[in-house]
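**Q** below is the sequence, then the predicted model.
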There are 2 protein chains.
Amino acid sequence: MTVTIYDVAREANVSMATVSRVVNGNQNVKPATRKKVLEVIERLEYRPNAVARGLASKKTTTVGVIIPDIANIIYAEAARGIEDIATMYSYNIILANSDQSEEKELSLIDTMLGKQVDGIVMISDAVTPKLVQEMEHSPVPIVLAGSVDETNKFASVNIDYFQAAYEAVQILINNGHKRIAFISGPMQFTINSKYKLEAYKKALEDANIEVDEQLIVFEDGSYDGGLESWEVFNKLENPPTAFFAGSDELAIGIIHGAQDHGRNVPNDIEVISFENSKLARMVRPRLTSVVLPLYDIGAVAMRLLTKIMNKEEIENQSVLLPHRIEYRHSVKTSIQE
Amino acid sequence: MTVTIYDVAREANVSMATVSRVVNGNQNVKPATRKKVLEVIERLEYRPNAVARGLASKKTTTVGVIIPDIANIIYAEAARGIEDIATMYSYNIILANSDQSEEKELSLIDTMLGKQVDGIVMISDAVTPKLVQEMEHSPVPIVLAGSVDETNKFASVNIDYFQAAYEAVQILINNGHKRIAFISGPMQFTINSKYKLEAYKKALEDANIEVDEQLIVFEDGSYDGGLESWEVFNKLENPPTAFFAGSDELAIGIIHGAQDHGRNVPNDIEVISFENSKLARMVRPRLTSVVLPLYDIGAVAMRLLTKIMNKEEIENQSVLLPHRIEYRHSVKTSIQE
DNA sequence: TTGAAAGCGCTAACAA
DNA sequence: TTGTTAGCGCTTTCAA
């Protein structure tokens, strides 16, 4: 019923090897033969079976992509970057959500390896020992995108989260704030959050500002989390006057929380975010934010994976992309967009 | 190097057929044998090769998902719904972006069929004749999610776009507006937009309000598109006092455009959206919006696909999900959330 | 309950 | 330049 390479060979009076050659663009085929075969392929509407091909060649031209949640704009951006580059290099992607659960991550890696992917790009906010172990066992390369692996065993693409966060907090400090809150998500054990927190504390210490644990909150990273956090902070006897938010949603939540209570941003409170998704421009005031180039991180990670799959020489397997801060209006500053 | 079913068979002193049976949960295996095989599988860390399995069984337990753009929140929501249900039924998804280009859609279908997916879920704003033809040729089922196919040849999941849009415009009319703008995206030939436009016109006509083509704009569907549209509308000698926006981003753009010029929403102008993504609550005033249940549409589409792949009896292949309007504050109304 | 063996559709030596 | 052939790792009759 379905037409196979064999049918094409018979119709074209050549061997299946020859058909295989023209399908794969092998040059060792006489032009006339190629033409004849191509005609038959067209006529019979022959479509190569990638599964059979994968079995025989041990290459599937598909890569696995494991991310926490595609419905989250930041991961969706990264996924788009990954997919664009994958397409560019003729790979397809098998996409799966881990919900940042170690158990799911483990089982997804297993499933994908079972499906014989040629490589995996993974975004994980917590590269745990178990994960590291599983990844080391992998017969195909795995690259981490926007996720730091402290063992430094795997290829990865990131920005310098600590430095970027440090600079963000500094801006608030330079504007004279002494009561600066840090709000982050999703989890207390998120690696990236950890760096942000460390940077936050270091920046305060370097400015001789005491770290007040009351001003540090770990939320679920959502808009509502921001909204609620504002309420909590506002009830403090000595509430914060500035906020360093780990994500745009959190930042917008804080801002709306404040505005809903009649506060003005940035005159009454100032807010700096860490993300700069398209949401950053969709609030008033627009968010000043550290730029987290998720699309690029995904794209570069995928590109790196193609190189590794190709056994090309890699100069540096821990890529650090440049970061910058986009100045808008949730923070008072002389530097304007 | 990699351990195969053959290695397991040898180690367990059974035939590969028996190993295959235990791996596939076939009941015709003596418990003792099963236990022995399972132990060897564990010890050897045997992982079945899904590609070989796919070739032999002609089933890959993977489905193709073709969407316009995963970085767009509405498609990302749908993708999450699709993936969740796919996972529930033990399928993996191959995800690809079409950018709503017919050419890419065609080639993606071809690629996925080549990869022997068991089915395809597709979101397309323009089910063109060529697409229909390609889809009819498909050896595996294809279901459309949030996309109407006017030929009614394929399984699909939607809401009643016309009716939903009609109700939205009616709200504006009931609030006394005579100058109601319609702004939509992404393309003039988008099917869903077509229904919205028809509903818009019909609602106005039914209310004896003349349709003014100046008040109809097709934008790229983005926030900036909304912002710019406001500028355009505002320059009219007789500008609109109410807006029916085809998406949340558009609606927020309109609102910010108005607010940036000192207008108050909903007192000066009223805006109703058609989407209700999480953005709807992340503006002030929060958006009143027709609820487009993208996650559900994706989930139901995938569920429908599993049934068709399973050759189950389908009562109705054109599923119409219920719709409703979420009342918030971008429209003046006595009905509150 | 188990095993033998014939494919599934293709790639990749190896020969010619 | 082309063909022959042996797998790739598994499922699935068919027999036993």
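**A** Done, it's in.
**Q** for the stretch 51-200 of chain A, what lies in contact range of chain B?
**A** Counting by Cβ under 8 Å from any Cβ of the partner chain, the residues of the stretch 51-200 of chain A close to chain B are A:51-52, A:54-55, A:60, A:62, A:65, A:69-73, A:76-77, A:79-80, A:83-84, A:87, A:92-97, A:110-116, A:139. Glycine gets a C-beta too; all of them are placed from N, C-alpha and C.
**Q** redo that, cut-off 6 Å
**A** By Cβ under 6 Å from any Cβ of the partner chain, the residues of the stretch 51-200 of chain A that approach chain B are A:51-52, A:54-55, A:70-71, A:76-77, A:79-80, A:83, A:92-95, A:97, A:114-116.
**Q** how about the strands in the stretch 101-250 of chain A?
**A** Taking DSSP state E, counting those that start in this stretch, the strands of the stretch 101-250 of chain A run over residues A:119-122, A:142-145, A:155-159, A:180-184, A:216-218, A:242-245.
**Q** out of those strands, nearest to DNA strand D?
**A** When those are compared by Cβ to the nearest atom of the strand, strand A:119-122 sits nearest DNA strand D, at 17.8 Å.
**Q** pLDDT (mean, whole number) over that closest one?
**A** Mean per-residue pLDDT for strand A:119-122: 98.
**Q** how about stretch A:267-283?
**A** 96.
**Q** shaky segments in chain A?
**A** Scanning chain A for pLDDT under 70 picks out the ranges A:186-191, A:334-337.
**Q** can you pull up the most central residue in it?
**A** The centroid of chain A falls nearest to residue A:78 when counting by Cα atoms, centre = their mean (4.1 Å).
**Q** just name the most buried of the strands of the stretch 101-250 of chain A.
**A** strand A:242-245 (a mean of 30; mean count of other Cβ atoms under 10 Å in any protein chain shown).
**Q** that strand pairs with which strands, parallel or anti?
**A** Sheet pairing of strand A:242-245 (DSSP bridges) gives strand A:180-184 (parallel), strand A:270-275 (parallel).
**Q** and for that strand, what's in contact with it?
**A** A:168-169, A:172, A:177, A:180-183, A:251, A:254, A:270-273 (Cβ atoms under 6 Å, 6 or more residues apart in numbering or on different chains).
**Q** which residues of the stretch 1-150 of chain A lie near DNA strand D?
**A** In this structure, the stretch 1-150 of chain A approaches DNA strand D at residues A:13-18, A:21, A:27-30, A:32-34, A:52, A:55-56, A:58, judged by Cβ under 7 Å from any atom of the strand.
**Q** export the strands paired with strand A:242-245 to TSV and tack on distance to DNA strand C?
**A** Below are the strands paired with strand A:242-245 laid out as TSV (distance: least, Cβ to the nearest atom of the strand, whole Å):
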stretch	distance to DNA strand C
strand A:180-184	48
strand A:270-275	43
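**Q** can you say which of these is nearest to residue B:236?
**A** Each of the strands paired with strand A:242-245 was scored for nearness to residue B:236 using Cβ to Cβ, and the closest is strand A:270-275 (36.2 Å).
**Q** quick check: next helix or strand after the closest one?
**A** strand A:288-291 (DSSP states H and E).
**Q** helices or strands up against that next one?
**A** Under the contact criterion of 3 or more Cβ pairs under 6 Å, 6 or more residues apart in numbering or on different chains; DSSP states H and E, strand A:288-291 touches strand A:270-275, strand A:325-326.
**Q** please identify the most buried of those strands.
**A** Ranked by mean neighbours (mean count of other Cβ under 10 Å), the helices and strands packed on strand A:288-291 are led by strand A:270-275, with a mean of 28.
**Q** in helices, which of the residues of the stretch 1-150 of chain A next to DNA strand D fall?
**A** Secondary structure from DSSP state H places A:16-18, A:21, A:32-34, A:52, A:55-56 of those in helices.
**Q** tell me the two of the residues you listed that are most distant?
**A** A:32 and A:55 (31.4 Å).
**Q** so between those two, which is more surrounded?
**A** Here residue A:32 and residue A:55 are compared on neighbour count by other Cβ atoms under 10 Å in any protein chain shown; more neighbours surround residue A:55, at 18 against 8.
**Q** so the more buried one sits right up against residue B:49, yeah?
**A** No: using Cβ atoms under 6 Å, residue A:55 is not in contact with residue B:49, being 7.8 Å away.
**Q** identify the residues contacting the spatially closest residue to residue A:140 that is not a sequence neighbour.
**A** The shortest distance from residue A:140 to any non-neighbouring residue, by Cβ to Cβ, 6 or more residues apart in numbering or on different chains, is to residue A:119 (5.0 Å). Neighbouring residues of residue A:119 by Cβ under 6 Å, 6+ apart: A:63, A:140-141, A:305, A:309.
**Q** understood, closing this out.
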